[in-house]
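>>> Based on what follows, work out the 3D shape:
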Amino acid sequence: MNAVSPVESLVTDHLDLWTAALKRKSTAGRGSSSKVELYGIKKLRELILELAVRGLLVPQNPNDEPASELLKKIAAEKAKLVKEGKIKKEKSLPPVSEEEKPFESPKGWLWERFGNLAEHNAGKTLDQVRNQGELRDYITTSNLYWGKFDLSGVRQMPIEDTDLDKCQAIHNDLLICEGGEAGRAAVWNHDYPICFQNHIHRARFWQGINPYYAYRLLEKMSYSGEINNYRKGVAISNMSGKALGSIPFPLPPLAEQHRIVAKVDELMALCDQLEQETEASLGAHQTLVETLLSALTSAADHAQFASAWQRIAGHFDTLFTTEESIAQLKQTILQLAVMGKLVPQDPNDEPASELLKKIAAEKAKLVKKGKIKKEKPHPPVAEEEKPFELTTGWEWVKLNDMLPEFQNGASSRGDKGGIPTIVLRLADIKYRRVSLADTRALPINKDDVSKYGLAQGDVLIVRVNGSSDIVGQFIPIEAELQAIYCDHFIRMRINQEWCHTSYLCLVGQTKLIRDRISSLFITTAGQKTVNQGHIGSLLVAIPPLAEQHRIVTKVDELMALCDQLKSRLSDAQTTQLHLANALVERAIG
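Numbers count the residues shown, from 1 in each chain. Now for the predicted structure:
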């Protein structure tokens, strides 16, 4: 039985760490696994490749013919082909200098230039008009991925027989992107030949050098970023034949190349398996969390709610272990809050129907004074509009019925000769709160300073932005501010005796309202916009005023607990990332 090497033990003995080290992606799609990067497994792949090309992944065999003998055979083969006129004599490439060697190679290995180990050239320029010959399949960089080919969209081009020597790949040729993601490579492992265009390099190695070992070297250079030293361009990079040929190549004995490739393949298959299992586990975990939390919001009565909560409370520490599960918990708290399930009702509270009567009386008074126009009576909220059944004392209303005052903001360009005034911009909103850490002042007319002033209890609504996650956000003004707001916002002002604006702001964070706002977007020049009419049309569940205050207090308390959970999770993830990095450094140090 073969003994496991210390380095291989480092890989296999820490599988829990490699799979637990997760990193949140900056952008995310649907599904739990798409929102996190499997950082530990990525670092494990990087470690495997690094160990492979350093000669640390498999043991050296003193009986292997050293790489120096392989180079002699290559030199002899080239000299023979030059003498026979089959190839031209090449310019000798400079030896790899000590400064270019990132590590010391093991006994039996040598550093050599890529161009001395393979015959390489770019393919055929695509020109459907000028090219002649038989129509043949050819691949482009869009068909060439790391380690594989996508041949579903292969096109054809006329190519003459005389061109085939330079633009046709055969079994075991290494094909490398010259453009696009320059350096991306795969070994052509099909039994039939394929033509390739001029943005692909073909490398055909001398004396049986293993093309899969060369592929793994390029893959390693991509992980480490070394490949960027041989690329030109930023948005669209390219790698010339000269740059490719100059790459320093750590060359093991031929027999060891095969052992390295076999071991890398074995360990990369393990990484594939770990990825699949981790993603499946993350997906199953998120589905479980969503199912259990959904049971809370869909509970028909107190008994069902208590039972659903008991299932969650008994496994709290194992359920809320990812950022996605904590985010889902926060959303559930908000949903329970606006459904009247988060705090107990008090039969002594003045019901919301009395609030609506006061609002109606105030509206009639304002109409009589000529301050607002008399509106046509609004039809009652239809049953099909109501997303859930309300608890006793609550009422469904359109936000407009709460008699809000809406006002778009001041010009973000300022006024000529105005008073220097702090003007809040989108950049001054952090985590749905106003931040005065880095404000800007603009010249604003005196009348506008008053018109666009902000008072405690006001709500700013993001009116325009490129991101659908930001447009329509409700931002509470929690203290008097010596500032006004720019035209990226709508200010909403509501009588605090009718509605607690912090309650409205948490309503504005619920999925029901966010989805409704998304359906109302107007998109112009890539910017999504909502207007006062959109916001006024939102359907809101209004509880008694006293209950609104209790809800806001309870939500703040529970959100603080969620933030503590998230902070502990972040600390644990940071530790895992540091451990994964430390293991890599230890292995190659």
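>>> Output the below-cut-off pLDDT ranges for the stretch 101-250 of the chain.
Within the stretch 101-250 of the chain, the stretches with pLDDT under 70 are 128-129, 234-235.
>>> Tell me where it has strands.
Applying DSSP state E, counting those that start in this stretch to the stretch 101-250 of the chain gives strands spanning 110-113, 118-122, 134-139, 144-145, 148-149, 155-159, 168-169, 174-177, 179-180, 185-187, 194-196, 200-205, 237-238, 248-251.
>>> Adding mean neighbour count and distance to residue 441, write these out as CSV.
Every residue, glycine included, has its C-beta placed from N, CA and C. As requested, these are arranged in CSV below (neighbours: other CB atoms under 10 Å; distance: least, CB to CB, whole Å):
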stretch, mean neighbour count, distance to residue 441
strand 110-113, 19, 60
strand 118-122, 18, 57
strand 134-139, 17, 58
strand 144-145, 18, 52
strand 148-149, 14, 56
strand 155-159, 16, 59
strand 168-169, 21, 64
strand 174-177, 24, 50
strand 179-180, 18, 46
strand 185-187, 22, 55
strand 194-196, 23, 60
strand 200-205, 22, 56
strand 237-238, 16, 43
strand 248-251, 21, 56
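>>> so can I have CSV of these showing distance to residue 21?
Listed next are the strands of the stretch 101-250 of the chain as CSV, based on distance: least, CB to CB, whole Å:
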stretch, distance to residue 21
strand 110-113, 33
strand 118-122, 37
strand 134-139, 36
strand 144-145, 25
strand 148-149, 26
strand 155-159, 42
strand 168-169, 38
strand 174-177, 30
strand 179-180, 30
strand 185-187, 27
strand 194-196, 38
strand 200-205, 35
strand 237-238, 29
strand 248-251, 28
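>>> out of those, nearest to residue 521?
strand 179-180 (34.4 Å; CB to CB).
>>> Adjacent strands (with direction) for the closest one?
strand 237-238 (antiparallel) (DSSP bridges).
>>> For the partner strand, what is the distance to the chain centroid?
Shown here is strand 237-238, whose average C-alpha point lies 24 Å from the average C-alpha point of the whole chain (CA atoms, centre = their mean, to the nearest Å).
>>> What of stretch 200-214?
35 Å.
>>> Please tell me I have it right and residue 407 contacts residue 489.
No. Counting by CB atoms under 8 Å, residue 407 stays clear of residue 489, with 9.2 Å between them.
>>> which one of the strands of the stretch 101-250 of the chain lies closest to residue 509?
Per CB to CB, nearest to residue 509 of the strands of the stretch 101-250 of the chain: strand 144-145, 40.6 Å.
>>> what does the closest one rub up against?
Applying CB atoms under 8 Å, 6 or more residues apart in numbering, the contact partners of strand 144-145 are 175, 177, 184, 185, 186, 200.
>>> Out of the strands of the stretch 101-250 of the chain, which is closest to residue 212?
strand 185-187 (5.7 Å).
>>> show me the residues around the spatially closest residue to residue 106 that is not a sequence neighbour that make contact.
Using CB to CB, 6 or more residues apart in numbering and skipping the chain neighbours, the partner closest in space to residue 106 is residue 55 (3.7 Å). Each residue near residue 55 by CB under 8 Å, 6+ apart is listed here: 105, 106, 109, 250, 252, 256.
>>> Now flag whichever of the residues you listed is closest to residue 71.
Looking across these and measuring by CB to CB, the closest to residue 71 is residue 109, at 11.2 Å.
>>> if I read this right, the closest one contacts residue 257, doesn't it?
No. The pair residue 109 and residue 257 fails to qualify as a contact (CB under 8 Å) at a distance of 10.2 Å.
>>> Give me the mean pLDDT for the helix or strand where residue 318 lies.
For residue 318, the host element (DSSP states H and E) is helix 316-319. Averaging pLDDT along helix 316-319 yields 80.
>>> what's that helix packed up against?
Here helix 316-319 touches helix 254-297, going by 3 or more CB pairs under 8 Å, 6 or more residues apart in numbering; DSSP states H and E.
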